[in-house]
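# Sequence first, then the predicted structure:
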Amino acid sequence: MDNDTLVAGGYGLNPAIYQETDDVWAFAGDVDEEKVKVKKSESKRAAFNKFQNMATRGQSSDSKKDSGAIVYNTIHQNAIASITYLGNGVISTSGIDGRLLFWDLKGNKNTKLDQIGRALAQ
């Protein structure tokens, strides 16, 4: 990495790359490709039964079994708390989800631990 590239993290679940061009910083892309899936009920009847069961059992709609929950397909599932530059375009990120990940920014991909040594040695 160089002095005109910045990697930021936080509640976006995804490290973001910013680059400076002519004294202007601009978003250049995400490190991890985010995909969002929303689980849907199979039918109107299934949705009705779900809410009727919740009402009779006194459950709230934010239950973990909620079929309308959003599932993020980013590797981090919670806020990114730390980003460390390791050299040769390799960074590590750690999140509140307990994950410690290594990224090779040259290839914009998650790097396996055994590949980190080779990337840093280049």
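Received, thanks.
# Please report how far the residue lying closest to Thr5 once chain neighbours are set aside lies from Ile83.
Using CB to CB, 6 or more residues apart in numbering and skipping the chain neighbours, the partner closest in space to Thr5 is Gln19 (5.4 Å). (C-beta placed from N, C-alpha, C; glycine too.) Separation of Gln19 from Ile83 (CB to CB, to the nearest Å): 16 Å.
# on that earlier part again, isn't the residue nearest to Thr5 up against Trp25?
Yes: between Gln19 and Trp25 there is a contact under CB atoms under 8 Å: 7.2 Å.
# hey, what's in contact with both of these two?
Common contact partners of Gln19 and Trp25 (CB atoms under 8 Å, 6 or more residues apart in numbering): Leu6.
# Who does Leu100 form a beta bridge with?
Beta-bridge pairing of Leu100, defined through DSSP bridges, involves Ser94.
# number of nearby residues for it?
11 (other CB atoms under 10 Å).
# pretty sure it is touching Thr84, no?
No: under the criterion of CB under 8 Å, Leu100 makes no contact with Thr84, lying 9.9 Å away.
# list residues touching both of those two?
Common neighbours of Leu100 and Thr84, using CB under 8 Å, 6+ apart, are Ser92, Thr93.
# can you pull the contacts of Thr5?
Taking CB under 8 Å, 6+ apart as the criterion, Thr5 is in contact with Ile17, Tyr18, Gln19, Glu20, Ala28.
# Pick out whichever of Gln19 and Ile83 has more residues nearby.
Ile83 (17 against 14).
# buried stuff in the strand or helix carrying the more buried one?
Counting by DSSP states H and E, the element that carries Ile83 is strand 80-87. Residues of strand 80-87 classed as buried by neighbour count (16 or more other CB atoms under 10 Å): Ile80, Ile83.
# tell me the domain ranges of the protein?
5-33+76-121, 37-71 (automatic domain parsing).
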